[in-house]
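Visitor: What would the 3D arrangement of this be:
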Amino acid sequence: MDPANLYSIVALALVLVVLLISVFLVARYLPNNKVGIVEKLWSNRGSLGGGQIVARNGEAGFEPDVLRGGIHFGYWRWQYKVHQRPLITIKQGKMGYVFARTGEALGPSQTLGRVVECNHYQDVEAFLEHGQKGRQRAILREGVYAINLAVFSVITEDGVFAIDVAQDAAKWHRHLAEINGFDPVVIGSSTEKLMDDIGIVTTHDGPSLEPGEIIAPPVGNEVDNPNYHNNYQDIEAFLKAGGRRGKQYAPLVDGTYFINRWFATIELIPKEVITIGEVGVVVSYYGKQGNDTSGATFRHGERVHQGQRGVWENTLGPGKYPFNTYAGQIIRVPTTNFVLHWITGKTEGHKYDESLRSIDLITKDAYEPILPLSVVVHIDYQKAPNVIQRFGDVKKLITQTIDPMLSAYFRDVAHKRTMLELVHDRDDIQAQARMELSLKFEQFDIQCVDVLIGKPESQGDDGKIENLLEQLRLRQLSLEQIETYGKQEVAAGKKQTLNDANAKAEMQAQLTHSAIQISIQTNEAEAALARARKDAERIVVTAKAASESVSLEGQGLSEKVNLVGKAEAEVLQKKVESFGDSRLYAMSLIAESLAQSKQPLVPETMFAGGGDQGSGLLGTLMSLLVAEKMGMKLPARTIAEEKAPR
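Guide: Residues are numbered from 1 along each chain as shown. Presented below is the predicted three-dimensional model:
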């Protein structure tokens, strides 16, 4: 090879080597996901002083600006050191915290550095104009930031980003992770633990509370306020509005809030729920001293307007309230009727009567019963603040006033009555107690709706009252038995009447048939009587006619005897004498006359008795009786003569 060409090649190689070495010494390359933090190792202007770490005037130290991705020249390796660090990435819905290693010192009341316009800590020069060292009030929201990690330490959920991770930064990271400080504060139904809560805010920056205050007053909560801090998210606005450190009166309600947890901690508490049937009396620990609205006659405390310190005159009705329990207390007062049991071992769900026991009594006749008692009570919602001012709460009202008052009242009642009177007069005692206790209760702004007295019981196992009641039961049972026997007697009579009626009903057909037969026999008897009456009349008429005929005939015969003479008279006398009785002779003549009569002597139909002599005699007697009743004259012969044998 030609020496000249070889020399040229060697020279070119040397130039390239020198060029590469120069490029290596002066040029720096950074990938696009990193930043370069320039540290000037030495300078003819000397080193930084006064605790500064940023070389703003060419001094040795960290440069304020960072290098972004690409190739950068002018940074000699023997003079500059470029620290490569990743870009700061804040994930969606997360927050990052910043600690400034340089800047002005914090003020006496400050715990966090003020917020300055520095492009989210990416403009170090702007930050150093007014920024303060230490933990910062401003937070980093979602995005990617090229931050000089020599000036600022950034704490995110993924870790601590800095040139040198300080021990304090690591502790801050652990603490923020424990309190979920990298997540926004979520209030309301979207939370996992509490479904209906509010957030109580405690701020850690700003002036202290005024003497005598226990909670910071609300400031800058109105949207149209120039210092509206948007629920503690704008710290500078909060402080400009006069906000103070400590627990805040205004809570966080439903929503999502990106709050710097170095500035404020959030405590979640449930909302206050006032259910139907009760009101809430507010005892406020916050506010200015108000004027008493209870009136001069009420000497148990003061009532104030809403927002003032004391017992509010207006109660909270049923509903949900974002009430800060650090600023006051809500005492629930039932407005519906509720029952209190003075019965050992028995209590209602409200638990107001869990300490009450049955009342021990002594009666007039030295019995010692235990009286179970129930009282129905009502509290007017408008008088609920008065009750709370008097007693503090409803349970104290019951245990400190109603319980001793009722116990003394019923002991007085028992002293004036015997045990039997205490049992028998229960209704009267209840009515009297209802009236008298109502007047007593009104003095305490409550109403006695009803008093219910139970059965007195014996103390222990002596059984005296039970024995007395058993005697009463036996006595009452005897009275009831007497009543029962009387009723049974009446029932027996009714039953006999019923049986008779049933028997008659069962024999009704036979009775009807018998009645018809009686009617038939009666009709037949009446017909027979009528026939007998007619027969008697006919016999009487016939007898009269026969008698007249005999009389006329006798007269005729007498005349004939006179006319014929003595001979015929003798003949006639002989004929009469032949009969032995002149009447027999007359009867023979009558029979002869009747035999020649055209009128039948025997009726076609005749009612007759038996054929024996007694029956014939009965028929003759009936005929004679009929004739006598009709006023007919009968022959002078007696029945004995008729029956006498001839």
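Visitor: ok now stretch 499-510, how far from the chain's centre?
Guide: Distance, stretch centre to chain centre, for stretch 499-510: 61 Å (Cα atoms, centre = their mean, to the nearest Å).
Visitor: list the buried ones in that stretch?
Guide: Under the neighbour-count criterion of 16 or more other Cβ atoms under 10 Å, stretch 499-510 has nothing buried. To be clear about C-beta, it is placed using only N, CA and C from the backbone, and glycine gets the same treatment.
Visitor: Just the C-alphas of it, formatted as CSV.
Guide: Extracted as CSV, the C-alpha positions of stretch 499-510 are listed here (Å, rounded to 0.1, in the frame of the first residue of the first chain):
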residue,chain,number,x,y,z
ASN,A,499,-141.2,-32.1,75.9
ASP,A,500,-145.0,-31.6,76.2
ALA,A,501,-145.0,-29.7,73.0
ASN,A,502,-142.9,-32.3,71.3
ALA,A,503,-145.2,-35.1,72.6
LYS,A,504,-148.3,-33.2,71.5
ALA,A,505,-146.7,-32.7,68.1
GLU,A,506,-145.9,-36.4,67.9
MET,A,507,-149.6,-37.3,68.9
GLN,A,508,-151.1,-34.5,66.8
ALA,A,509,-152.6,-37.0,64.3
GLN,A,510,-154.2,-39.0,67.0
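Visitor: same for the helix or strand harbouring Q510, what does it pack against?
Guide: Assessed by DSSP states H and E, Q510 sits inside helix 508-564. If you count contacts as 3 or more Cβ pairs under 8 Å, 6 or more residues apart in numbering; DSSP states H and E, helix 508-564 packs onto helix 566-579, helix 582-595, helix 613-629.
Visitor: I'd assumed I71 was in a helix, is it?
Guide: No - with DSSP: H, G, I helix; E, B strand; the rest coil as the criterion, I71 is assigned strand and is not in a helix.
Visitor: how close does it sit to V35?
Guide: Shown here: I71 relative to V35, a distance of 14 Å by Cβ to Cβ, to the nearest Å.
Visitor: swap in A586?
Guide: For A586 relative to V35 (Cβ to Cβ), the value is 189 Å.
Visitor: Looking at these two, which is more packed in?
Guide: A side-by-side neighbour count of A586 and V35, using other Cβ atoms under 10 Å, places V35 first with 25 against 19.
Visitor: Now for the more buried one: which residues touch it?
Guide: Residues near V35 by Cβ atoms under 8 Å, 6 or more residues apart in numbering: V66, L67, R68, Q84, R85, P86, L87, A146, I147, N148, L149.
Visitor: Pop out the phi and psi values for T399.
Guide: Phi and psi for T399, reported as degrees, to the nearest 10, are phi -80, psi -30.
Visitor: where's the residue nearest to it when sequence neighbours are not counted, which helix or strand?
Guide: Residue nearest to T399 in three dimensions, not counting chain neighbours: S355, with 6.0 Å by Cβ to Cβ, 6 or more residues apart in numbering. Using DSSP H and E, S355 sits in no helix or strand.
Visitor: Make 45 the starting number, not 1.
Guide: Sure, I'll start counting at 45 from here, so that last one is S399.
Visitor: Neighbours of S399, how many?
Guide: Neighbourhood size, S399 [other Cβ under 10 Å]: 11.
Visitor: So it sits against I446, correct?
Guide: No - taking contacts as Cβ atoms under 8 Å, S399 lies outside contact range of I446: 11.8 Å.
Visitor: How far away from the center of its chain is stretch 50-61?
Guide: 105 Å.
Visitor: Which stretches in the stretch 195-344 of the chain count as strands?
Guide: All strands of the stretch 195-344 of the chain, identified by DSSP state E, counting those that start in this stretch, fall at 196-200, 203-205, 229-231, 241-247, 290-291, 299-301, 308-314, 316-318, 322-328.
Visitor: Surely W120 forms part of a strand?
Guide: No - judged by three-state DSSP, W120 forms no part of a strand; its state is coil.
Visitor: since we're on it, how many residues are nearby?
Guide: W120, neighbours per other Cβ under 10 Å, totals 12.
Visitor: Alpha carbons of stretch 258-268, as CSV, please.
Guide: Coordinates of each C-alpha in stretch 258-268 appear next as CSV, following Å, rounded to 0.1, in the frame of the first residue of the first chain:
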residue,chain,number,x,y,z
ILE,A,258,-63.7,24.0,69.7
ILE,A,259,-64.5,23.8,66.0
ALA,A,260,-63.6,26.0,63.0
PRO,A,261,-66.5,28.1,61.5
PRO,A,262,-67.5,27.5,57.9
VAL,A,263,-65.9,29.8,55.4
GLY,A,264,-65.9,30.1,51.6
ASN,A,265,-68.7,27.6,51.1
GLU,A,266,-70.8,29.7,48.8
VAL,A,267,-70.2,29.3,45.1
ASP,A,268,-70.4,33.0,44.4
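Visitor: Find the nearest non-adjacent residue to K499, please.
Guide: That would be P416: by Cβ to Cβ, 6+ apart, it lies 7.1 Å from K499.
Visitor: Surely that neighbour and I387 touch.
Guide: Yes - counting by Cβ under 8 Å, P416 does reach I387; the two are 4.4 Å apart.
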